[in-house]
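>>> Provided below for reference: sequence and predicted model.
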Amino acid sequence: MADGTKAVVDTSAADAAADEAALAAAIDELTAGKAARAGAADASSKDASKASKTSKDAAKDQGAALDTPVATDAGTDTDAPDTDTDTDASDAGQDTPRGEETSEITAPLSVHEIAAELAAGTARRKPAAPEPAAAKRRPTDPQPTVDPRDTATLPRTLPAPLRHSGDTIGHRYRLEECISQTETFSSWRAVDEKLRRAVGVHLMASGHQRARKVLAAAKSAALLGDPRFVQVLDAVQEGELVYVVREWLPHASDLAKLLADGPMEPHEAYQMVRQVTDAVAAAHRRGQAHLRLTPRCVLRTDSGQYRINGIAVDAALRGLPGEDATDGAERADTRAIGALLFAALTHRWPYPEDRYDLQGLPKGLQNAAPDQVRAGVHKGLSELAARALFDHPPHHAEPITTPEELTRAIAQMPRIRQPEPELPAFPAPPRHNTHALPTAPNPTRVADPAVAPLPASSRPTASRRTRRRLRRVVKATAWTVALGAIGVASWQFVDNLRNTGPTTAPQTSASSAAPSAHGTTHAPVPIQIKDAQSYNPLGRNAEAEGKESLAKAFDGDPSTAWTTSWYVDQLGPKPPALKAGTGLMIDLGSVQKVSSVNVQFLGEHTAELRVPTPAAAGSPMSAKPEAFTVLDKKTGSNVEYTLSTPVTTRYLLLWLTALTKDDDGNYRGHVAEVKVSG
């Protein structure tokens with residue numbers, strides 16, 4: 001047929017049995033996926049030879065008319081499987097066997113289409129030039145091409161649509177920068193001009209054989225609705241173009257970039273594999289699979305959360321085997337997670353090829369656990385990676401074949417603690433500086449021949465001298481800190497006396513009672529909040545949380561709220577918490593006297609009310625949490641911070657230390673309304 005689909009032609013005009021044989025052969029080819037062998041018609045040898053000669057001549061004429069090579073020898077199998085191995089299958093966690101066909105072929109007709117083709121009557125048949133049933137039409141273009149980004153073996157049926165920066169897709173999405181370009185599709189960073197936000201766009205020709213699979217995969221991924229996956233926002237076929245729009249995370253870094261400087265610490269690798277496994281297991285419970293989980297698909301946000309990109313869509317774009325693959329979707333995704341953990345622990349790719357800026361393993365180290373490749377690897381994580389990656393793990397360990405099993409294995413591991421921050425090293429004092437500190441004369445230092453030298457056991461060793469010097473440095477530091485604290489307290493005391501001086505000045509006895517009575521009964525005066533900012537000094541890049549909803553914290557509407565980022569674990573000073581807290585910095589516009597603060601949350605929260613110290617009052621946003629003074633700590637959904645002594649400040653910090661748990665199982669902060677009174 002001219003459109004490239006496989007045509008089923010009657011092999012004999014006079015024998016109805018040949019029709020049934022051709023139909024059975026075509027149906028067997030569709031269901032079994034193998035080349036069908038049609039039976040020859042029960043005709044005489046003379047008639048058969050004439051029909052074969054006529055079929056060859058007709059096939060040559062038809063091939064010349066269509067400029068398509070046609071097999072003229074019934075004994076030649078033109079659909080022999082491609083022997084090239086899909087090099088990208090190992091990245092997806094799939095071991096594609098040698099000889100598996102990875103190139104794209106033309107789509108066969110369905111069973112109903114074949115029946116309609118045969119029932120059309122003799123009008124479509126050509127008795128003078130029957131085509132042998134064993135001869136098959138070659139694919140229009142079986143030549144594989146190579147994806148320059150991921151070296152996936154792709155067929156070249158339709159090229160990727162040609163687009164340029166500045167073009168608009170769907171009257172809405174303006175293309176900005178081409179991220180990757182292959183023979184069959186291209187990926188872009190674009191701008192949604194309707195919502196004014198950055199998005200990612202995949203473009204493919206609508207006539208491509210994978211177009212329908214890509215649309216189906218994108219729509220199923222959009223219905224997943226799990227925030228741990230990068231969301232698919234749109235999937236449209238428009239004319240000759242198919243495009244898939246996804247969420248864009250500008251401040252996230254993929255795992256390949258995180259591993260550029262070396263392997264991960266055990267705690268960070270544990271957090272990565274736990275979050276990725278939980279997300280993939282949840283997707284499999286809803287009937288979804290990724291099938292191409294690579295280091296470039298795992299993104300880490302500034303808040304320390306891991307999100308997965310390209311579920312189902314990446315595999316459909318590259319034509320990788322679906323859920324009916326040999327190993328199964330669950331085994332493929334489990335093996336891919338094992339490869340990610342292996343790379344995070346060893347800084348090596350667990351296959352012979354060098355991929356994702358990582359060096360591959362030598363053939364002699366295949367099926368070796370991470371602790372056998374690199375010294376100092378965490379024993380529990382090494383065993384976990386080997387069990388998920390290999391079908392026959394070392395030391396006769398039981399392999400893990402599904403994400404659900406991997407989730408249970410991670411839950412049974414002891415928690416890996418976050419490493420303590422390194423303390424700054426004190427500079428050692430000069431060894432021969434005799435003028436550093438004045439000392440009293442020591443009689444034992446006088447060179448007196450009558451005095452016997454000290455025995456070797458009683459002489460101070462180098463370690464003792466180091467400890468003594470360290471104690472002196474610590475004492476000097478402690479005295480400096482104490483004097484500084486006394487100075488700050490004195491300054492605050494004098495400042496309070498200066499501010500409260502006019503109201504406490506001595507007056508006559510007749511009027512002294514009136515001010516005190518008025519001071520105890522006056523109503524609080526509301527103070528208007530000028531601005532609010534997200535205070536997140538413990539994030540990786542100090543990225544503001546919920547900056548688009550900051551004004552909702554003091555807009556006078558309790559139904560709207562400022563919302564923080566979501567966290568898998570609760571905030572706290574100890575692991576597995578990623579950080580101790582996050583905050584909302586309230587700016588009163590000028591120095592005010594504050595006596596109470598009322599905060600309404602959506603759900604139960606724990607928060608501290610803090611004010612900056614004089615040293616941090618000039619630039620509180622760049623100060624650490626330790627540079628603030630804690631005034632009060634409350635827990636609840638509607639809390640009132642009442643100060644026994646009013647404080648004079650411009651900035652107030654609402655430091656959240658425990659968040660509420662949302663319906664999706666993640667922790668998130670919601671500050672509905674803040675009211676300040678003086």
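Here it is on my side, so go on.
>>> contact partners of the helix or strand where Ser382 lies?
Assessed by DSSP states H and E, Ser382 sits inside helix 379-389. The contact list for helix 379-389 (C-beta atoms under 8 Å, 6 or more residues apart in numbering) reads 266, 269-270, 273, 334-335, 337-339, 341-342, 345, 350, 369-371, 393-394, 397-400, 406, 409-410, 413-414, 416. C-beta coordinates here come from the backbone N, C-alpha and C atoms, glycine included.
>>> do that again at 7 Å, thanks
Residues outside helix 379-389 that contact it (C-beta atoms under 7 Å, 6 or more residues apart in numbering): 266, 269-270, 334-335, 337-339, 341-342, 345, 350, 369-371, 393-394, 397-400, 406, 409-410, 413.
>>> cool, stretch 199-209 as well?
104, 107, 157-158, 160-161, 163, 169, 173, 175, 184-190, 192, 211, 214, 233, 237, 239-248, 317.
>>> rewinding a little: helices - which of the contacts of helix 379-389 land there?
The helices, defined by DSSP state H, take in 266, 269-270, 334-335, 337-339, 341-342, 345, 370-371, 406, 409-410 from the contacts of helix 379-389.
>>> tell me the one of those nearest Arg196?
Of all these, Arg196 sits closest to Ile337, with 36.2 Å by C-beta to C-beta.
>>> that closest one is in contact with Thr277, isn't it?
Yes - between Ile337 and Thr277 there is a contact under C-beta atoms under 7 Å: 5.7 Å.
>>> identify the contacts common to those two.
Contacts common to Ile337 and Thr277, judged by C-beta under 7 Å, 6+ apart, are Leu406.
>>> what's the helix or strand for Ala279?
helix 266-285.
>>> in its sheet, which strands sit next to the next helix or strand after that helix, and in what direction?
Using DSSP H and E, the next helix or strand after helix 266-285 towards the C-terminus is strand 298-300. Strand 298-300 has its sheet partners listed here by DSSP bridges as strand 253-254 (antiparallel), strand 306-308 (antiparallel).
>>> which one of those lies nearest to Arg197?
Using C-beta to C-beta, the strands paired with strand 298-300 put strand 306-308 closest to Arg197, at 16.4 Å.
>>> identify the residues contacting the closest one?
228-230, 249, 252, 272, 275-276, 279, 290, 297-301.
>>> any idea of the mean pLDDT in the helix holding Ser382?
For helix 379-389, the mean per-residue pLDDT is 95.
>>> check stretch 397-404 too.
94.
>>> what sits up against it?
Residues contacting stretch 397-404 (C-beta under 7 Å, 6+ apart): 277, 280-281, 284, 330-331, 333-334, 383, 386-388, 390-391, 393, 406, 409.
>>> buried among these? Make that a ChimeraX selection.
To isolate the buried members of those in ChimeraX, using 16 or more other C-beta atoms under 10 Å:
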select :277,280,281,284,330,331,333,334,383,386,387,388,390,393,406,409
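>>> what's the farthest-apart pair in the ones in helices among the contacts of helix 379-389?
The widest separation within those (C-beta to C-beta) is 21.7 Å, between Pro266 and Arg335.
>>> more neighbours: the two, which one.
Neighbour count, other C-beta atoms under 10 Å: between Pro266 and Arg335, Arg335 has more, with 24 against 21.
>>> distance of the more buried one relative to Asp391?
9 Å (C-beta to C-beta, to the nearest Å).
>>> one more: Val599?
From Val599 to Asp391 the distance is 55 Å (C-beta to C-beta).
>>> from the contacts of helix 379-389, list just the buried residues.
By 16+ other C-beta under 10 Å, the contacts of helix 379-389 give 266, 269-270, 334-335, 337-339, 341-342, 345, 350, 369-371, 393, 399-400, 406, 409-410 as buried.
>>> other residues contacting stretch 220-230?
Under C-beta under 7 Å, 6+ apart, the answer for stretch 220-230 is 232, 235, 246-247, 249, 279, 282-283, 286, 288, 307-309, 311-313, 566, 664.
>>> can we see that at 8 Å?
231-233, 235, 246-247, 249, 275, 278-279, 282-283, 286, 288, 299, 305-313, 566, 664, 666.
>>> give me the buried subset of these.
By 16+ other C-beta under 10 Å, the contacts of stretch 220-230 give 232-233, 235, 246, 249, 275, 278-279, 282-283, 288, 299, 305-313, 566, 666 as buried.
>>> dump the residue contacts of Cys297.
Contact analysis of Cys297 by C-beta under 8 Å, 6+ apart lists 254, 290, 308-310, 314.
>>> and the furthest pair within those?
Asp254 and His290 (14.6 Å).
>>> tell me which of the two has more neighbours.
Using other C-beta under 10 Å as the criterion, Asp254 and His290 rank with His290 on top: 30 against 17.
>>> so Ser186, which state does it fall into?
At Ser186 the chain is in strand, as set by DSSP: H, G, I helix; E, B strand; the rest coil.
>>> isn't it up against Pro161?
Yes - the pair Ser186 and Pro161 qualifies as a contact (C-beta atoms under 8 Å) at a distance of 7.3 Å.
>>> contact partners for Ala269?
Per C-beta under 8 Å, 6+ apart, neighbours of Ala269: 263, 341, 344-345, 378, 381.
>>> check what pLDDT it gets.
At Ala269, pLDDT is 95.
>>> and if you look at Val488?
79.
>>> which SS class is it?
helix.
>>> close enough to count as contact, it and Pro614?
Yes - with contact defined as C-beta under 8 Å, Val488 counts as touching Pro614 (6.2 Å).
>>> before we move on, back to that, max pairwise distance over the contacts of strand 306-308: which two?
Across the contacts of strand 306-308 (C-beta to C-beta), the longest gap, 18.7 Å, separates His290 and Thr301.
>>> what about the closest residue to Thr635 other than its chain neighbours, which helix or strand?
Distance criterion C-beta to C-beta, 6 or more residues apart in numbering; nearest residue to Thr635, sequence neighbours excluded, is Thr606 at 4.5 Å. Assigned by DSSP H and E, Thr606 falls within strand 582-612.
>>> paired strands for that strand, with orientation please.
strand 531-535 (antiparallel), strand 628-658 (antiparallel), strand 670-677 (antiparallel).
>>> need the contact partners of stretch 183-192.
Under C-beta under 8 Å, 6+ apart, the answer for stretch 183-192 is 145, 147, 154-161, 163, 169, 172-181, 197-205, 208, 210, 245, 248, 317.
>>> let's see that with 7 Å instead.
So stretch 183-192 is in contact with 145, 154, 156, 159-160, 172-180, 198-204, 208, 248, 317, going by C-beta under 7 Å, 6+ apart.
>>> now stretch 480-492
Taking C-beta under 7 Å, 6+ apart as the rule, stretch 480-492 contacts 613-614.
>>> apply 8 Å and report the result again.
Contacts for stretch 480-492 (C-beta under 8 Å, 6+ apart): 613-615.
>>> related to what we said a few turns ago, out of the contacts of strand 306-308, which comes closest to Lys633?
Nearest member of those to Lys633, counting by C-beta to C-beta, is Thr301, at 28.4 Å.
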